[in-house]
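Novice: sequence and predicted structure are below.
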Amino acid sequence: MEYGPYYSIYELARAAEKILALIDKFQITFFTDRNIPYDRKEILCSIQIGKSIKSIDGKVPMTSHPAIYSAMKGIEFYEKKEVENDTSANEMMSHVLYIDLVWLTNSMINLISNEYEREIEVKIQDKKYSEAIKLLTIEKQKDSYNNTHPQKFIERYKEYLDKRIKDLKELIELDKLDFGIELKEIIESYKLGLEVNVKGRNFLTPLLQRNYELLTENLKNALFIPSYHDISKDEKEKYYHVYLLGILEGRLNLYNLKSNKESGFGRYDICAFPINKNHPGLLIEIKSDNTNVSTALTQIKLNNYVNELRVEGVKEVLILAINFQPKDIIIDYETIHLE
């Protein structure tokens, strides 16, 4: 079984399934002998869900944890191994399989949770606060998860739903209050932060769906949060570069991000390379001076910043120019189709 530098949730599930087969083949009893954090049923549930999820279109870098790579490559060795009466060798194999199975299951649960959360974000993004709360509450009260999903997933998913419901209820309460002028600006800023947390959290889905208007709207909302006036003039572009990179790092999990922190050398600021080359690439140029965003887009095209994406086999690129002004964030974009 060949593995490249990337893995999908389906491949994780298949690897965990093979480890369970090895456990049965060698009659390993570590479900009772060891303090493993999952029972056999939870692992089987994770495998079944992982093999059934089709909406995760893409893969995750294998190097996200060395134990995952070790597990997937080590399976081939143990599949060829014959049953032995060597207690020491069997104990070593039991220890290795134990570690690999735990890491594979952890990774599956994390990816399953991310996918469920992504689907919920899509469902609530255009809903009124009260409608979104109702949808989230119904989701939280589902009993079916108890028999078909691992406990760690259930705990994480319900914690996520509780946080979403809390944020939405707080927004409803804030809308009811009439603040004095001296508190209004602070409250509005706080509300904006909550709204970004509820509505503007999803960058991956609109990018994959090529809904670039929604993507730029979500980016603009997210980038309003830090105080512009707290940053010195010379540090503005670097500050927003790091801030934007941090936002994208946690939310574009089907992309590899590359950053050029030192501007002015004929390089782009941030580029997102899609793992699946049928998805659009993303290239971002950041400005904090009087440069017009359309001029920045022209700069991207004239300097052929998209060439690295072309070499990687990407067919379409979204180019974004972002200009940070004292009271506004200006974003413009174009799409480029590569030969």
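Specialist: Happy to help now that I have it. Numbering: from 1, shown residues only.

Novice: going along the chain, name the helices of the stretch 151-300 of the chain.
Specialist: Along the stretch 151-300 of the chain, the segments classed as helices by DSSP state H, counting those that start in this stretch run 151-176, 181-199, 204-208, 212-223, 236-249, 293-302.

Novice: would you tell me which one of those is buried the most?
Specialist: Ranked by mean neighbour count, the helices of the stretch 151-300 of the chain are led by helix 204-208 with a mean of 20 (mean count of other CB atoms under 10 Å). Where you see a C-beta, it was placed from the backbone N, CA and C, and this is true even at glycine.

Novice: residue 335: what secondary structure?
Specialist: strand (DSSP: H, G, I helix; E, B strand; the rest coil).

Novice: which one is it nearest to, not counting chain neighbours?
Specialist: residue 318 (5.6 Å; CB to CB, 6 or more residues apart in numbering).

Novice: that neighbour falls within a strand, correct?
Specialist: Yes - assessed by three-state DSSP, residue 318 belongs to a strand.

Novice: okay but it is in contact with residue 283, surely?
Specialist: Yes - applying CB atoms under 8 Å, one finds residue 318 in contact with residue 283, separated by 7.3 Å.

Novice: quick one: which of those two has more around it?
Specialist: residue 283 (24 against 19; other CB atoms under 10 Å).

Novice: from residue 300, how far out is that one?
Specialist: Distance check for residue 283 against residue 300: by CB to CB, to the nearest Å, it reads 6 Å.

Novice: report the mean per-residue pLDDT for whichever strand or helix holds residue 92.
Specialist: Element membership for residue 92, per DSSP states H and E: helix 87-124. Averaged across helix 87-124, pLDDT comes to 78.

Novice: do the same with stretch 8-15
Specialist: 81.

Novice: again with stretch 294-311
Specialist: On average, stretch 294-311 scores 88.

Novice: which residues sit against it?
Specialist: 258, 266-268, 271, 273, 281, 283, 285, 287, 317, 319, 321, 323, 332-334, 336, 338-339 (CB atoms under 8 Å, 6 or more residues apart in numbering).

Novice: show me just the buried residues among these.
Specialist: With burial judged by 16 or more other CB atoms under 10 Å, the buried subset of these is 267-268, 271, 273, 281, 283, 285, 287, 317, 319, 321, 323, 332-333, 336.

Novice: residue ranges in the stretch 51-200 of the chain under the pLDDT threshold?
Specialist: 54-74, 76, 78-90, 174, 177-200 (pLDDT under 70).

Novice: coming back round to it: pLDDT check: weakest of the buried ones among the contacts of stretch 294-311?
Specialist: residue 267 (70).

Novice: which residues touch that residue?
Specialist: Taking CB under 8 Å, 6+ apart as the test, what residue 267 contacts is 260, 305.

Novice: going forward, the N-terminal residue is numbered 471.
Specialist: Noted, 471 is the first residue going forward, which turns the last one into residue 737.

Novice: how close does it get to residue 607?
Specialist: For residue 737, the distance to residue 607 - CB to CB - is 48 Å.

Novice: likewise residue 479?
Specialist: 28 Å.

Novice: in terms of neighbours, single out the busier of these two.
Specialist: Taking neighbours as other CB under 10 Å, residue 479 and residue 607 compare with residue 479 leading, 25 against 11.

Novice: that one is in contact with residue 522, isn't it?
Specialist: No - Residue 479 is beyond contact range of residue 522, at 9.7 Å (criterion: CB under 8 Å).

Novice: can you state the direction angle for the helix holding residue 562 and helix 621-646?
Specialist: Angle of helix 557-594 versus helix 621-646, following axes from the mean of the first three to the mean of the last three CA atoms, to 10 degrees, is 30 degrees.

Novice: give me the buried positions along helix 557-594.
Specialist: 563-564, 566-568, 570-588, 590-591, 594.

Novice: ok, now stretch 746-763?
Specialist: Applying 16+ other CB under 10 Å to stretch 746-763 flags 749-758, 763 as buried.

Novice: could you identify the most distant pair in the residues you listed?
Specialist: The largest distance within the buried residues of stretch 746-763, taken as CB to CB, falls between 749 and 758 and amounts to 29.3 Å.

Novice: residue 728: what's it in contact with?
Specialist: 740-743, 778.

Novice: may I have the beta-bridge partners of it?
Specialist: residue 741 (DSSP bridges).

Novice: please apply the same query to residue 798.
Specialist: residue 795.

Novice: distance of it from residue 636?
Specialist: 30 Å.

Novice: do residue 749 as well
Specialist: 33 Å.

Novice: follow-up on the earlier one: tell me what angle the next helix-or-strand element following the helix holding residue 562 forms with helix 621-646.
Specialist: With elements assigned by DSSP H and E, the helix or strand that comes after helix 557-594 is helix 599-610. On the basis of the same axes, to 10 degrees, helix 599-610 is oriented at 160 degrees to helix 621-646.
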